[in-house]
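Engineer: Quick check, what structure comes out for this input:
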Amino acid sequence: MRIHFIAIGGAAMHNLAIALHKKGYQVSGSDDEIFEPSFSRLKNYGLLPEKFGWFPEKINSNLDIIILGMHARKDNPELLRAKALNLKIYSYPEFLYEQTKNKKRVVIGGSHGKTSITSMIMHVLKNTGVKFDYMVGANIRGFDTMVNLEDKNEIAVFEGDEYLSSPLDLSPKFHWYKPDIAVLTGIAWDHINVFPSFGNYLEQFDVFIKTINKNGKLFWFAEDENLKKLVHKNNVENYSYKAFPHVVSKEGQTLVEFDKENYVMSVFGNHNMQNINAARLVCLELGIKEKVFWQTIQSFEGAAKRLQLVKETKNSSFYLDFAHAPSKLKATINAIKNKNPERKLIACIELHTFSSLQGNFIPQYKNTMDEADIAIVYYSHEVLKHKRLPELNENFVKESFGGKVEIFTNTDLLKNYLMKQNYENSNLLMMSSGNFNGIDFVDFANKLI
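Structural biologist: Reported below is the predicted structural model:
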């Protein structure tokens, strides 16, 4: 099969291209810009385009399929050529479904925790010898790619993102997957640029529940009132869950007891114990024994940028997290504070997503950083310009967050401020879906602590 990717450089797109290349398909692609790590990984597999740009001459009737990425526009010259030739055009979630429609599909959805739960399930399945397809939104230790597709596998585990599928397909990605086993972690308004009201955002999860297969099952977080209403209005076999019972030792270890044995978790925080319980329910449904689950999950250290420990000394730690939504920001700060309540916590959030940089959304962050001893909010004027968003007034951002937050819009000034802090008996938590305009976190951690 010959497949061409329009906008091959995206995080999901380049991983899908590599997965199909490994499967033996003939893969080509184009993009007008490709950054790391996509650049090196595509180059390593011989899939990096010779030149950046769009080349309609690459599109011909010998191609079997076009896979269209969200980065491309509707008037993309390669897309227009493909439509003129009447070639079959897929979004990547639609193509993932086509590749796995005869398999048992597990889909993890929700406004937060998707990547962590998907990663936990993948970790347990791999370490218990189960072969499976997958798609996950972060790099996971022990996995070469974020996508895997093999004909022999009978199970597929997908992270179910609610963002749009492609420029031609404005339906959320997770509407395509039609799960046999589904998880919903909670609903907190996000992606305000495409879901302008909370009601509109909520509707996408209602539709997702309706896509669950007739004999499928839904596991959902019991303490989310929006989920409770949606689940009870839909006719689906469902089971609620909460954070799995656990204790935190004097040494800061998170302990779980099962069948009179204690298991030491490598991850921590109430939010992660919610995620672990969801992963446990899915794994039991897939035939993993509970004792085996607890033995295996102990070694799960988290996905990249999900409470990732960058550096640690005897009395200080530097953590990196993907948190950007208000609910996740608050939960992440709480997790660090509960783990080391005796330590000072310096917490820094970068406003980087479309939602987090919009003036009508920022008040949602009110009091989310109150547990931090030093709270810092950073955003970049360059990113606002790039996203074509209006400027943000620093006083407005400060008042919206409340408390004693410090506001920075310059990376060098932020780094200098952090360099001046005392890290004795302290933790530093940096949170963003970006990188604070180019901070090398490992190098920075070594300088700080």
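
Engineer: Surely Q253 is in contact with Y263?
Structural biologist: No - between Q253 and Y263 there is no contact, the gap being 10.4 Å when judged by C-beta atoms under 8 Å. In this view, the C-beta of every residue, glycine as well, is placed from N, C-alpha and C.

Engineer: Between the two, which is the more surrounded one?
Structural biologist: Y263 (18 against 15; other C-beta atoms under 10 Å).

Engineer: Off-centre distance for the strand or helix carrying that one?
Structural biologist: Assigned by DSSP states H and E, Y263 falls within strand 261-265. Relative to its chain's centre, strand 261-265 lies at 27 Å (C-alpha atoms, centre = their mean, to the nearest Å).

Engineer: Quick check: next helix or strand after that strand?
Structural biologist: Using DSSP H and E, the first helix or strand after strand 261-265 is helix 270-285.

Engineer: any idea of the mean pLDDT for that following helix?
Structural biologist: Rounded to a whole number, the mean pLDDT of helix 270-285 is 96.

Engineer: ok, residues contacting that helix?
Structural biologist: 106, 108, 112-113, 116-117, 120-121, 124-125, 181, 183, 185, 217, 219, 221, 239, 241-244, 246, 254, 256, 265, 267, 290, 293, 297, 302, 307, 328, 331-332, 334-335, 338 (C-beta atoms under 8 Å, 6 or more residues apart in numbering).

Engineer: Could you pull out the buried residues of it?
Structural biologist: Neighbour counts over helix 270-285 (16 or more other C-beta atoms under 10 Å) mark 270-283 as buried.

Engineer: Redo those as a markdown table? Include distance to I192.
Structural biologist: Listed next are these as a markdown table, based on distance: C-beta to C-beta, whole Å:
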| residue | distance to I192 |
| --- | --- |
| N270 | 27 |
| H271 | 22 |
| N272 | 27 |
| M273 | 29 |
| Q274 | 25 |
| N275 | 25 |
| I276 | 30 |
| N277 | 30 |
| A278 | 26 |
| A279 | 29 |
| R280 | 33 |
| L281 | 31 |
| V282 | 30 |
| C283 | 34 |
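
Engineer: E406: which of the residues you listed is nearest?
Structural biologist: H271 (25.0 Å; C-beta to C-beta).

Engineer: picking that back up, any chance of a PyMOL selection covering the buried ones in the contacts of helix 270-285?
Structural biologist: Only the buried entries of these go into this PyMOL selection, using 16+ other C-beta under 10 Å:
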select buried, resi 106+108+112+113+116+117+120+121+124+125+181+183+185+217+219+221+241+243+244+246+254+256+265+267+293+297+302+307+328+331+332+334+335
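
Engineer: before we move on, back to that, which other residues reach the strand holding Y263?
Structural biologist: Contacts for strand 261-265 (C-beta under 8 Å, 6+ apart): 246, 253-257, 272-273, 276, 294-295, 297-298, 300.

Engineer: Lowest-confidence one in the residues you listed?
Structural biologist: Q253 (87).

Engineer: So which of the contacts of helix 270-285 belong to helices?
Structural biologist: 116-117, 120-121, 124-125, 290, 293, 297, 328, 331-332, 334-335, 338 (DSSP state H).

Engineer: Looking at the buried residues of helix 270-285, which is nearest N395?
Structural biologist: The closest of the buried residues of helix 270-285, once distances to N395 are taken by C-beta to C-beta, is H271, at 31.2 Å.

Engineer: Pull out the buried positions in the helix or strand hosting V207.
Structural biologist: V207 belongs to helix 198-211 when assigned by DSSP H and E. Buried residues in helix 198-211, counting neighbours by 16+ other C-beta under 10 Å, are found at Y201, L202, Q204, F205, F208, I209, T211.

Engineer: One more: stretch 303-321?
Structural biologist: 303, 305-308, 310-311, 316-321.
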